[in-house]
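Colleague: Here is the input, now give the coordinates:
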Amino acid sequence: MERMFVLNDDQRAILETVGRFAREEVAPRAAKLDANQDPLDCYSFEIVEKAHELGIRTMTLDEEWGGLGMDSLTTAMVVEELAKADMGVSVVMAQTFKIAQIMQRALNAEQKARVLPGFAKDPRGVLAIGMSEPGNGSDKHLSIPVPFATHATRAEGGWVVNGMKHFISNGNRASHYLLMVQTDRTKTMEDGATCFLVERGRPGFTIGRVHDKMGERLANNAELVFQDCFIPDANIVGEVGKSGAVFADFSPQSNAYAGATVLGVAVALYEKAVAWAKTRVQGGKTLVGHDGIRAQLGEMRMLIDASRAYIHRAAWLADHRDQGWDATLGILPKAMASQSAWKIATWTLEIHGGHGYMKELGVEKLVRDAAAFLHSDGVNRTLFLKAAKRLFR
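Modeller: Next up is the predicted model:
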């Protein structure tokens, strides 16, 4: 398994393209977009369109649909590279990468032919998953799971859906959604929910509030509102009542992508800390000349390298599950990376002193971004509980 840590020529070429895109298209826009008061104005169609032009947006689509068929390990590397320039853009793309992979594996032949060609050609096309709700989010990991509040009743030829999802990444921008709906209200979200494919603009489906977030602002999160929304049987993904299997079977790499996202922020923070420590003079010498600061920078590097190794291992094994995959690899890498990033964020802030608290150096934005993944893609404390259930059930 050592080969997962050695870049091949294809990966180098892809990361070169993505790195150049991140430096030239994302980084110059990020601070200005982040500063916009209205969250709608933080989103950039231009960035998504440029990603489409370069083939980045559709990288995880198979070649038959016009993509590169990118594996999960390379995708995790791309997600980290994007996040070094801006976490929000990384989230927009990571969600799309992940859901495109799920769709290719979970949709039936008719659904794929109906959805994927249009998505591949749409320069603004991004994807979303409707799972979290105002009344529950982590409940499915607790000892006594509950049903989703968003529910469906049987109708001729399909289902009528009512309810609301919130905090949905790409929620107000996506062309297609995978929606988790309770189809058996006598059961829980673990054994009575169904996954539906939902197209933007379907009658009865509207976008609610766009959330005004502390960080990660270049990605929009929004409410999805369903009022007597009819979804035909032809849009059921997998089997009725088995939505959990869609994600367990077809998206084991999701957690690794979330970890790679916050890892990119940690790298950006570390680079700022090193640059500042090499130039800022205190007590007659640069900060890096002080033993305490130098040791702290060493620990930051350790946390980054260890998190990356964990993420890369999980991403590679997600595609090679017969080589040693276990369920905790789909749960814990994000928790480790986000805790490491938060520690690095606070240390970078301290190393910069008062300058770090001012917006002009960009540390403040990165601190806000780093906070996002302490809970995004699963609250860390809940993820530890989820992992423990897998280990000790």
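
Colleague: Assign a three-state SS to Arg185, would you?
Modeller: The local conformation at Arg185, judged by DSSP: H, G, I helix; E, B strand; the rest coil, is coil.

Colleague: got the phi/psi numbers for it?
Modeller: Torsion angles at Arg185 (phi, psi; degrees, to the nearest 10) stand at phi -80, psi 0.

Colleague: Check the gap between it and Gly157 for me.
Modeller: 21 Å (Cβ to Cβ, to the nearest Å). Quick note: C-beta positions are derived from backbone N, CA and C, even for glycine.

Colleague: Strands of the stretch 251-393 of the chain, start to end?
Modeller: Listed in chain order, the strands of the stretch 251-393 of the chain (DSSP state E, counting those that start in this stretch) span 281-282, 285-286.

Colleague: Same list, those, but as JSON lines with mean pLDDT, distance to Ala128 and mean neighbour count please.
Modeller: JSON lines is the format used below for the strands of the stretch 251-393 of the chain (pLDDT from 0 to 100; distance: least, Cβ to Cβ, whole Å; neighbours: other Cβ atoms under 10 Å):
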{"stretch": "strand 281-282", "mean pLDDT": "95", "distance to Ala128": "47", "mean neighbour count": "10"}
{"stretch": "strand 285-286", "mean pLDDT": "97", "distance to Ala128": "46", "mean neighbour count": "12"}
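
Colleague: With distance to Val115 as added columns, please give the ones you listed in JSON lines.
Modeller: Supplementary listing: these in JSON lines, determined by distance: least, Cβ to Cβ, whole Å:
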{"stretch": "strand 281-282", "distance to Val115": "58"}
{"stretch": "strand 285-286", "distance to Val115": "55"}
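
Colleague: mind checking which of those strands is nearest Val262?
Modeller: Among the strands of the stretch 251-393 of the chain, strand 285-286 comes nearest to Val262, with 28.8 Å by Cβ to Cβ.

Colleague: hang on, the earlier thing: relative to Leu127, which of the strands of the stretch 251-393 of the chain is closest?
Modeller: Of all those, strand 285-286 sits nearest to Leu127, with 46.4 Å by Cβ to Cβ.

Colleague: In the sheet, which strands lie alongside that closest one, parallel or antiparallel?
Modeller: Sheet partners assigned to strand 285-286 using DSSP bridges are listed as strand 281-282 (antiparallel).

Colleague: List of residues touching the partner strand?
Modeller: For strand 281-282, contacts defined as Cβ atoms under 8 Å, 6 or more residues apart in numbering pick out 287, 290.

Colleague: Done for today, thanks.
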